[in-house]
Structure formats: structure tokens, C-alpha cells
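Engineer: Following is a predicted model, sequence given first.
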Amino acid sequence: MKKMKAIPCTSVQVTSGLLLGAAFLFSSPVWSASCCGGGSATSLILPKFSKSMVNIAFDIESYDGYWDGDGIYRNDQPGDDLNQYRLNLGYAHRLSPRWQAAIVAPYVWNSNQYSGLSSNTNGLGDMTLGLTYEAFDGIKCVWKVRDWKDLIPAAYFGVALTVPTGISPYDDVANNFDITGRGFYRLDGNVLIDKTIYPWNASLLFSYGKYLERDVNTEYGKAVEPYKKELGDRMLGTATFGYTHFLDNMDTMTFSLSYSHLQEDEVSYDGRPYAGSEIEKNSVGAILAYSTMNRDWVYKLNFSHAFPEDGQGQNFPVTDIVTVGVSHVFR
Amino acid sequence: MFSVRLIMRAVSLAALLGLAGCDGITDDLRPSGDDNRPVVEEGILGTQVGQISPDFSMLDSLGNTRGLYDELSTSTGVVLYFTMWCPICDTHMSHMRSEVMPNFPTVQFFLVDFVSGSVAASRSAQLSSGYGGIETLVDSDQALYGSYDASMGTTVVIDSAGNIVRMNEDYKDGVKLTETLQALP
């Protein structure tokens, strides 16, 4: 009996880890809107007690207007159909019992149709390298709270470096709807807190990112007078709440809901802050995950939705994102 | 089992390296601050800084025909801002409307819509984006877009004295536009 309980508890932790990885990678608003570059994820998290993991996911992102600088929602024009598709390949590897590293590489396709113009471009997106420390050794999920120690969550502390491997406005492109990356290095600090009390699970993710200032001498393929540009500091917070159901064959179905808030401070040109260039986006998400009995395969379906309403964002496109993905864990 | 794992890892690594090795890798990895602007012959007809802008004539979003030199004859300069009604364009246009235009009442400002394709569609985009108060040229065949070698956010300043193009680059934070307009004769 004891053994029977130990298996699903471990399984929940493993599945939870995979979903948290999914949360890191997919459910957050990862600045992937079709007019702002794409493909840059925060990181990829490897479940406890596993050696490595391969993750493949495909995003379909549809543009549905934008919020202006005053937070007012502005609708698309009739005939406009703006989309971005991304294939994300990720690999995570355990370095030691508490340390892991990951790499995520997106490939991006832009498909944009305006009433008087159409464009289709594709290319590699911005890649992400991640290093994560797990501040725990054992399984932190419990079946029942018997002691205060049972309430201790699993905590992950990570850093992630976004590398500008994508096609940015500073390359040979016509406009921002054709880009696949932002063109800046960014260093993120990530904190992920997760607690599972079977069958419920809750997690909090906080990420703070600092872009590195860069030289610019080309804009949209045209050489310009050189200047320095720095994007504003980035903050991302995501809260996720989920429920796991064990099937008769011990496979699991997990359903999670999430809420995310993303913001970036103002852009600077040659050290001068550009007031009014701040960015903000609120979104909600739903994740459905199916995991096999031994938890080495996890299939995920994710839907992220931004509300086309005033006050839900600023200077940012309103998009819906559907993600289909699969993870395979090596133990 | 070991071989399967090895193969999957090798395939994954190869896929990542393959992507990294394709033509998506750009100069963004090592940005340059070198001035690579080509030398242009000044004083001749052209659309780059230092050149004399050729005349053009096109419809605005109200269906009126607008000509560059007609506008220059009644103003101290003309500003063209190329818009596709996106969030970044909105940031620029909002800033230009509130921080630049009021300081230069004798300058004629135009938004240039190069994506809508028709007068009716352009007017609709202009109004729904909240810029009904700024005159908009409908570049339905992207003639201006191509002529000025423009892109989203390109801002062009043409003065009235010598009809010289004073600026042709991204709006950024509007500081250079303001400095350029202050220097107009």
C-alpha cells in the first residue's frame, strides 16, 4: 500500500515539473507577438530525478488588434489577418542532483495579410540558454498535510540568457511584422515556487530581465547614423493552479489555469529614456497535459488568451496562442 | 535502449545546431557602431539626406489630391511618417502628435499609410486608430514607400527653402525630428 502511494506521488512531482517546464516555456506571454519578434522563452525546466529531456512544441499565434499607449484597445482592420507560427525545440540536461541546464531554439514563420499588402517571412528566433538550481532534494508533493514541513514547496532559482539569433529590426527586413527576434541580449533571473497537495497543484513564477544596451547602425536594412539603444527592464509574473486526475492505467490528465502579467520599462536611446514606450500585457491560459504511466512522455495542449479590452495592456499586440507540444524524459 | 536514447539526443542536438547554423544568425550577435551609410551625391534629385526631393502627388484619406511642392509652398516644411497602424507606430504617432506637432504649427505633417491599399481602408484605419486629426496620405501602390526607401516608422523631413531632404530614418524618440525641425530656415 505504501509503495502504491509512493508511485503516484512521485509521478505527480515529475508531471508537475514537466508542466512547470511548460509554464516556463509556453504559457507565459513570451513577447512572441507577431509584430514584436518571437520565440524567446524564459527557460525549460527538467523534472526532478531525470537525466535529460527533449521538448518539441508548435505555437500558433493570431494577432487580434493591439493596445495603444493609453491602454485603449484598437481593433484590426477588415481584411487584416496577422499570424505567427513557431516550432520550439528544447533540450534540458541534468548537471548534478540540484543543477540543470537547458537550451531552447525556436524557428519562426510570419504570415501577414493586410488589406493592401501581404508578407511571409521565416527564420530562426531568439535562442535561450538556461541554468537552474533546485533548492530541494526530495519530492515536495504530499497526499496529506500532517506536519508543517509538508507545506514546504519546491523552489527553483534560475538564470536565462536570451541570445539574439533571430531576425530583428536591425537586419534586412521591411517592417516589424517580418521579424523573428528582438535583436538584444537579455539576462533573466527566474524564481519558480511550486506546491502539490494531491491532486491539486499551485505555482508562482517571477522573472526579472535586463536587456543589454547595443549599438545600432542599421534599421530595416538601411544604414543609419549609429546610436545606442536599450530596451526597458522586463518583469513577468505567472500564477498557475492545476488539478491532476489519475486514470485507471495510472496515466494522468492534468488541467491547469494560469494568469500572467508582463511589463517592460521604457526604451532608452543614447541613454535618454523614451517616455511613453512602456509595454504591458495581461493574459490567461489553460493547459491540458496527458502523461503516460511511467511519466516519460507528456503531451501538452495550451491556450493563452489576451482580452481585447481597454486596460489589459499597453503598446502591445493582443494575441491568442495555441501550443501543441510533447516532452520526452530520459532517466 | 541505450542506442535509442543516444540517437534521440544526437538528433536533438543536430536539430538545434542545424537551426543555429542556418541563415537566421545575424549581426545582432555582435552589433557594430560603425557608420555604414553610403555616400550620396547631394544637391541632385533624390530621397536621401542632402538631396532634392522629387515632387509627388497622391490622394489623402479624404480623397483629396495632395502634391509635395504645393504643400511646401504654404509651409516651412513637410514631415512624412510611414505608418502601418501597429503598436510601435502608435507610440511614435502619439508622441509626435503631443510633443512635436504643437511646437511647429507652420510645418505640414503627414502620416503615410502604405498598407491599407485604398482611400476607404486607409480612412477606416486612421479613424479606428485614433488619428483622424492628422492628415494621411494613401500610398496605395507603395510608390512613396519605395521612392524614399522607407520602412515602418521612417520619418522624412523636407524643407521649403531648397527642398532638401533633411532627415530620412526611424522616428525613435522624436529628439532628432525636433532638432531637425528647429534647424529649418
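Structural biologist: Yes, it's here.
Engineer: distance of A:T218 from A:F246?
Structural biologist: Using C-beta to C-beta, to the nearest Å, we find A:T218 at a distance of 55 Å from A:F246. Heads up, the C-betas are built off the backbone N, CA and C, glycines and all.
Engineer: neighbour count winner among the two?
Structural biologist: Using other C-beta atoms under 10 Å in any protein chain shown as the criterion, A:T218 and A:F246 rank with A:T218 on top: 21 against 16.
Engineer: Just the element for the more buried one, please.
Structural biologist: Using DSSP states H and E, the element containing A:T218 is strand A:214-219.
Engineer: Now do the helices in the chain.
Structural biologist: Answering for chain A, as no chain was given. Using DSSP state H, the helices found in chain A span residues A:2-22.
Engineer: that's the other chain; I wanted chain B
Structural biologist: Using DSSP H, helices in chain B cover B:2-20, B:68-72, B:87-95, B:119-128, B:143-147, B:175-182.
Engineer: per-stretch mean pLDDT over those helices, give me the minimum one.
Structural biologist: With a mean of 53, helix B:2-20 has the lowest mean pLDDT of those.
Engineer: What parts of the stretch 201-331 of chain A come near chain B?
Structural biologist: Residues of the stretch 201-331 of chain A lying near chain B by C-beta under 8 Å from any C-beta of the partner chain: A:214-228, A:267, A:269, A:272, A:274, A:276-277, A:315-317, A:328, A:330.
Engineer: The residue in chain A positioned nearest to chain B: neighbouring residues, count only.
Structural biologist: Residue nearest to chain B within chain A (C-beta to the nearest C-beta): A:G116, separated by 1.8 Å. Neighbour count for A:G116, taken as other C-beta under 10 Å: 21.
Engineer: how close does it get to B:S160?
Structural biologist: As defined by C-beta to C-beta, A:G116 lies at a distance of 31 Å from B:S160.
Engineer: and what of A:L44?
Structural biologist: Computed as C-beta to C-beta, the A:L44 to B:S160 distance reads 58 Å.
Engineer: Over to A:E61?
Structural biologist: Distance from A:E61 to B:S160, by C-beta to C-beta: 46 Å.
Engineer: and if you look at B:P54?
Structural biologist: 15 Å.
Engineer: more neighbours, those two?
Structural biologist: Using other C-beta under 10 Å, the more surrounded residue of B:P54 and B:S160 is B:S160, with 20 against 13.
Engineer: okay but A:S62 is in contact with A:D76, surely?
Structural biologist: No - using C-beta atoms under 8 Å, A:S62 makes no contact with A:D76, being 10.1 Å away.
Engineer: Just the pLDDT for the closest residue to A:T128 other than its chain neighbours.
Structural biologist: Counting by C-beta to C-beta, 6 or more residues apart in numbering or on different chains, A:T128 lies nearest to A:V104, which is 4.5 Å off, once chain neighbours are set aside. If you check A:V104, the pLDDT there is 94.
Engineer: Beta-bridge partners for A:S207, please?
Structural biologist: A:N190, A:L236 (DSSP bridges).
Engineer: Count the residues that sit near the nearest residue to A:R186 once chain neighbours are set aside.
Structural biologist: Closest residue in space to A:R186, ignoring its immediate chain neighbours: A:T162 at 4.1 Å, by C-beta to C-beta, 6+ apart. A:T162 has 31 neighbours, counted by other C-beta under 10 Å.
Engineer: Test of understanding: give the bridge partners of A:T162.
Structural biologist: Beta-bridge partners, per DSSP bridges, of A:T162: A:T128, A:R186.
Engineer: any idea how far it lies from A:T218?
Structural biologist: From A:T162 over to A:T218 the distance is 20 Å, taken as C-beta to C-beta.
Engineer: picking that back up, how near is the residue nearest to A:T128 to A:Y91?
Structural biologist: Counting by C-beta to C-beta, the gap from A:V104 to A:Y91 is 8 Å.
Engineer: higher neighbour count, these two?
Structural biologist: Between A:V104 and A:Y91, counted using other C-beta under 10 Å, the more crowded position is A:V104 (29 against 22).
Engineer: on that earlier part again, now list whatever residues contact both of A:S62 and A:D76.
Structural biologist: Residues within reach of A:S62 and of A:D76 at once, by C-beta atoms under 8 Å, 6 or more residues apart in numbering or on different chains, are A:L82.
Engineer: Comparing those two, which shows the higher neighbour count?
Structural biologist: When A:S62 is set against A:D76 and neighbours are counted by other C-beta under 10 Å, the residue ahead is A:D76, at 20 against 14.
Engineer: wait, what's in contact with the more buried one?
Structural biologist: Contacts of A:D76 (C-beta under 8 Å, 6+ apart): A:Y63, A:D64, A:G65, A:L82.
Engineer: Let's see stretch A:275-285 as PDB, backbone CA atoms only.
Structural biologist: This file holds the C-alpha atoms of stretch A:275-285, laid out as PDB (Å, rounded to 0.1, in the frame of the first residue of the first chain):
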ATOM      1  CA  ALA A 275       8.600  58.300 -22.200                       C
ATOM      2  CA  GLY A 276       5.500  56.500 -23.400                       C
ATOM      3  CA  SER A 277       7.300  53.400 -24.800                       C
ATOM      4  CA  GLU A 278       6.500  51.200 -21.800                       C
ATOM      5  CA  ILE A 279       4.900  47.800 -22.600                       C
ATOM      6  CA  GLU A 280       2.300  45.800 -20.700                       C
ATOM      7  CA  LYS A 281       0.200  42.700 -21.300                       C
ATOM      8  CA  ASN A 282      -2.200  40.600 -19.200                       C
ATOM      9  CA  SER A 283      -3.200  37.200 -20.300                       C
ATOM     10  CA  VAL A 284      -4.900  34.000 -19.000                       C
ATOM     11  CA  GLY A 285      -4.000  30.500 -20.000                       C
END
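Engineer: Which residues does it contact?
Structural biologist: Here stretch A:275-285 has contacts from A:27, A:29, A:67, A:69, A:71, A:232, A:240, A:256-267, A:302-307, A:312-316, B:91, B:94-95, B:173, using C-beta under 8 Å, 6+ apart.
Engineer: Mind checking which of the residues you listed land in strands?
Structural biologist: Among these, DSSP state E puts A:67, A:240, A:256-264, A:302-305, A:313-314, A:316 in strands.
Engineer: So, low pLDDT: which residues of the stretch 201-331 of chain A?
Structural biologist: Within the stretch 201-331 of chain A, no stretch falls below the threshold (pLDDT under 70).
Engineer: hang on, the earlier thing: surely the residue of chain A closest to chain B is in contact with B:S118?
Structural biologist: Yes - taking contacts as C-beta under 8 Å, A:G116 lies within contact range of B:S118: 6.7 Å.
Engineer: State the pLDDT value of B:D27.
Structural biologist: 81.
Engineer: what sits against it?
Structural biologist: Taking C-beta under 8 Å, 6+ apart as the test, what B:D27 contacts is A:Y170, A:D171, A:T218.
Engineer: mind redoing it with 10 Å?
Structural biologist: Contacts for B:D27 (C-beta atoms under 10 Å, 6 or more residues apart in numbering or on different chains) come out as A:P164, A:S168, A:Y170, A:D171, A:D172, A:G183, A:N217, A:T218.
Engineer: count of residues packed around the nearest residue to A:Y211 once chain neighbours are set aside?
Structural biologist: Among residues not flanking A:Y211 along the chain, A:L231 sits closest, at 4.1 Å (C-beta to C-beta, 6+ apart). Number of residues near A:L231 (other C-beta under 10 Å) recorded here: 23.
Engineer: Pull up the gap between A:L231 and A:G221, please.
Structural biologist: For A:L231, the distance to A:G221 (C-beta to C-beta) stands at 20 Å.
Engineer: And A:G123, by the same measure?
Structural biologist: Per C-beta to C-beta, A:G123 is found 14 Å from A:G221.
Engineer: Between the two, point out the one with more neighbours.
Structural biologist: Of the pair A:G123 and A:G221, A:G123 is the one with more neighbours under other C-beta under 10 Å, namely 26 against 13.
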